[in-house]
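Enquirer: could you work out the structure for the sequence below:
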Amino acid sequence: MTPVQLEGPEAPGARGGKAEDKEWLPVTKLGRLVKGMKIKSLEEIYLFSLPIKESDITDFFLGMSLKDEVLKIMPVQKQMRAGPRTRFKVFVAIGDYNGHGGLGIKCSKEVATAIRGAIILAKLSIVPVRRGYWGNKIGKPHTVPCKVTGRCGSVLVRLIPASRGTGIVSAPVPKKLLLMAGIDDCYTSTPSKKAIGMTMIIKFCPVFNSFNPLFLQPKKMEERKQLV
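Expert: Here you go, the predicted model:
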């Protein structure tokens, strides 16, 4: 008797099981360059200002070292003609705890769908995080290289370098975002109090700006020119 092959939700790996990993087939020019080993790191992509449109590119470089965490799930409503429509807004942070971090925000009718979408958007928005020292250059970089500021609307957030062992002086949820980006010690300053979602977005802005050419030291500028 011929064995019956199950398909759909009863197939192995379809519900809770571990499905086989499919081979990545790039669909963009950047993806083909990455798979062909023409581009060696995420830093090269960022320094050339190339947009990442495939989440598999991030998985290719970081792989198992990339971790994700749901920071907040909140319901949002929109008034429609038939009545209020409720959806769920999810904030997800990803990082490898070693100089790469990203933030994804997604709305959907179902929480699981919103989480999956936020993880993909976070992988597309991942950036290298520049780190530095406080005082002497002893050990590995552990804090932000200088005072950096992020602004969105009327909300202002400032990150200030801190000595080794200080930890991150911040609210619990944005603290996770900075830790996943690889920053161990940092002071934060937020003059105005706003929603936690807006605060996470603003906390990500100065981390992103730390790799701006305006903040690079002469040695880093020479390395950038050599890449170009």
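Enquirer: any idea how far residue 36 is from residue 101?
Expert: 27 Å (C-beta to C-beta, to the nearest Å). To be clear about C-beta, it is placed using only N, CA and C from the backbone, and glycine gets the same treatment.
Enquirer: give me the more crowded residue out of the two.
Expert: Neighbour count, other C-beta atoms under 10 Å: between residue 101 and residue 36, residue 101 has more, with 26 against 9.
Enquirer: okay, the more buried one and residue 110: tell me how far apart.
Expert: The gap separating residue 101 from residue 110 is 26 Å, by C-beta to C-beta.
Enquirer: what pLDDT does the residue lying closest to residue 141 once chain neighbours are set aside get?
Expert: The shortest distance from residue 141 to any non-neighbouring residue, by C-beta to C-beta, 6 or more residues apart in numbering, is to residue 131 (3.7 Å). In this prediction, residue 131 carries a pLDDT score of 86.
Enquirer: make sure residue 131 is actually in contact with residue 143.
Expert: Yes. Using C-beta atoms under 8 Å, residue 131 is in contact with residue 143, at 6.7 Å.
Enquirer: any common contacting residues for those two?
Expert: residue 183 (C-beta atoms under 8 Å, 6 or more residues apart in numbering).
Enquirer: residue boundaries of the strands in the protein?
Expert: 67-80, 83-95, 100-108, 127-128, 148-152, 155-161, 168-169, 186-189 (DSSP state E).
Enquirer: beta partners for the most centrally placed residue in the chain?
Expert: Central residue of the chain (C-alpha atoms, centre = their mean): residue 102, 0.9 Å from the mean position. Under DSSP bridges, the beta-bridge partners of residue 102 are residue 94.
Enquirer: if I read this right, residue 121 contacts residue 106, doesn't it?
Expert: Yes. Applying C-beta under 8 Å, one finds residue 121 in contact with residue 106, separated by 6.0 Å.
Enquirer: remind me which residues of the protein are low pLDDT?
Expert: Where the chain drops to pLDDT under 70, the residues are 1-21, 153, 192-228.
Enquirer: and residue 191, how far is that from residue 90?
Expert: 28 Å.
Enquirer: between the two, which one's more packed in?
Expert: Using other C-beta under 10 Å, the more surrounded residue of residue 191 and residue 90 is residue 90, with 25 against 9.
Enquirer: what's near enough to touch that one?
Expert: 70, 72-73, 105-108, 111, 114-115, 117-118.
Enquirer: and for the residue nearest to it when sequence neighbours are not counted, the neighbour number?
Expert: Nearest non-adjacent residue to residue 90, counting by C-beta to C-beta, 6+ apart: residue 114, 4.1 Å away. Residues lying near residue 114 (other C-beta under 10 Å) number 23.
Enquirer: for this structure, just list every one of the helices.
Expert: 29-35, 42-47, 55-62, 111-124, 172-180, 196-209, 218-227 (DSSP state H).
Enquirer: what sits against residue 77?
Expert: Neighbours of residue 77 in contact, by C-beta under 8 Å, 6+ apart: 84-87.
Enquirer: now list the buried members of those.
Expert: Applying 16 or more other C-beta atoms under 10 Å to those, the neighbour count classes residue 87 as buried.
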